[in-house]
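Peer 1: no sequence for this one, just the structure:
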């Protein structure tokens with residue numbers, strides 16, 4: 001996975017091709033790569049032929065099947081959603097968490113519980129944007145810090161740069177919350193032959209993600225529509241809603257999603273994963289319900305943590321009905337197929353899938 005390539009190759013193969021996800025995996029591991037808002041740049045060639053930056057990147061060659069076997073213990077349960085042990089609806093039992101979070105508050109509840117119970121000692125989280133719209137990442141430790149990161153962000157942010165920074169000092173049992181490209185990069189970091197603090201990550205909570213917005217274009221769009229009005233919250237309600245809801249100091253404004261699709265990061269069109277298939281647990285919205293999350297448990301570690309959280313009244317769960325589950329499968333599979341179509345359009349060769357190395361089973365199910 002990226003053997004024999006370094007920062008100049010990362011710049012040529014990823015950054016210059018519009019494939020960077022802004023995940024932050026290459027940031028804070030050497031002084032030659034920097035990130036400003038969601039823009040990553042190689043500011044000086046480092047001279048290292050085989051670098052961590054190329055190896056960790058989620059858009060450099062990746063054996064998806066091998067990672068799945070390492071993380072989940074076998075081949076994917078199904079092509080559409082990957083490996084999983086269970087799929088349910090869930091919500092936080094704490095009404096304050098549900099009030100401050102979006103949807104069911106499950107991520108905030110699980111991470112708070114994991115820290116308070118000693119399952120992990122700290123967690124790398126992404127805090128909601130400031131007035132300038134750009135989210136920031138932070139290391140949360142025991143206390144109220146997890147809730148400070150409650151809420152959704154729709155802009156790409158270099159979350160893993162904070163992990164690289166935090167693990168410059170020895171740490172044990174870290175948690176990470178991230179979107180699919182960040183979870184993919186995290187797993188590449190953990191399985192790399194390079195030394196990395198990411199190997200101290202014990203719990204990976206993945207978020208569902210269809211796309212992320214580029215900071216500059218989206219900021220200019222909102223500034224043109226809202227002027228200097230302070231923005232306090234963004235939300236994209238569950239389907240069938242098809243709007244971006246912007247909470248401001250002057251009230252709530254809605255924009256059709258079609259008006260903002262032009263600001264989606266180019267790399268999202270080649271993203272294969274909607275539901276964070278390499279996480280321990282994955283969390284997303286539930287179609288048509290605003291107070292519940294979809295909860296996918298993928299690994300034994302995730303299963304044990306969720307079971308304890310349910311037993312101790314941290315979260316409650318219900319069955320996810322077959323119609324909603326079918327729609328979730330369809331949406332995830334459609335994202336995979338669109339990504340493959342876009343990749344093949346770029347490469348002109350069905351055998352050249354850019355960064356993805358798929359099993360023959362996955363290839364047969366997708367082509």
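Peer 2: Happy to help now that I have it. Source: prediction; values computed, not measured.

Peer 1: shouldn't residue 197 be in contact with residue 172?
Peer 2: No: between residue 197 and residue 172 no contact is recorded; they are 10.4 Å apart, counting by C-beta atoms under 8 Å. Placement of C-beta: from N, CA and C, glycine included.

Peer 1: higher neighbour count, those two?
Peer 2: In terms of neighbours (other C-beta atoms under 10 Å), residue 197 is the more surrounded of residue 197 and residue 172; the figures are 19 against 9.

Peer 1: Skipping its backbone neighbours, what lies nearest the more buried one in space?
Peer 2: Closest residue in space to residue 197, ignoring its immediate chain neighbours: residue 167 at 2.2 Å, by C-beta to C-beta, 6 or more residues apart in numbering.

Peer 1: Look up how far residue 191 lies from that neighbour.
Peer 2: When distances are taken as C-beta to C-beta, to the nearest Å, residue 167 and residue 191 turn out to be 16 Å apart.

Peer 1: which of these two has more neighbours?
Peer 2: Each of residue 167 and residue 191 has its neighbours counted (other C-beta under 10 Å); residue 167 has more, 21 against 17.

Peer 1: show me the contacts for the more buried one.
Peer 2: For residue 167, the contact set (C-beta atoms under 8 Å, 6 or more residues apart in numbering) comprises 174, 196, 197, 198, 200.

Peer 1: Reformat these as JSON lines; add distance to residue 226 and secondary structure.
Peer 2: Compiled in JSON lines, the contacts of residue 167 are given as follows (distance: C-beta to C-beta, whole Å; DSSP: H, G, I helix; E, B strand; the rest coil):
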{"residue": "174", "distance to residue 226": "37", "secondary structure": "strand"}
{"residue": "196", "distance to residue 226": "41", "secondary structure": "coil"}
{"residue": "197", "distance to residue 226": "40", "secondary structure": "helix"}
{"residue": "198", "distance to residue 226": "38", "secondary structure": "helix"}
{"residue": "200", "distance to residue 226": "42", "secondary structure": "helix"}
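
Peer 1: Can you name the two of those that sit furthest apart?
Peer 2: Largest separation among the contacts of residue 167 by C-beta to C-beta: 174 and 196, giving 11.9 Å.

Peer 1: after the helix or strand hosting residue 285 comes which helix or strand?
Peer 2: Secondary structure here is read from DSSP states H and E; on that basis residue 285 sits in strand 281-286. As assigned by DSSP H and E, the chain's next helix or strand after strand 281-286 is strand 289-297.

Peer 1: Now do the helices in the stretch 1-150 of the chain.
Peer 2: Using DSSP state H, counting those that start in this stretch, the helices of the stretch 1-150 of the chain run over residues 7-10, 52-56, 64-72, 95-100, 106-116.

Peer 1: list the helices and strands the first one packs on?
Peer 2: Okay, so that is helix 7-10. Under the contact criterion of 3 or more C-beta pairs under 8 Å, 6 or more residues apart in numbering; DSSP states H and E, the helices and strands touching helix 7-10 comprise strand 39-42, helix 52-56.

Peer 1: where does the residue nearest the centre of the chain land on pLDDT?
Peer 2: With distances taken as C-alpha atoms, centre = their mean, the residue of the chain nearest its centroid is residue 179 (0.5 Å). Here, the pLDDT recorded for residue 179 equals 97.
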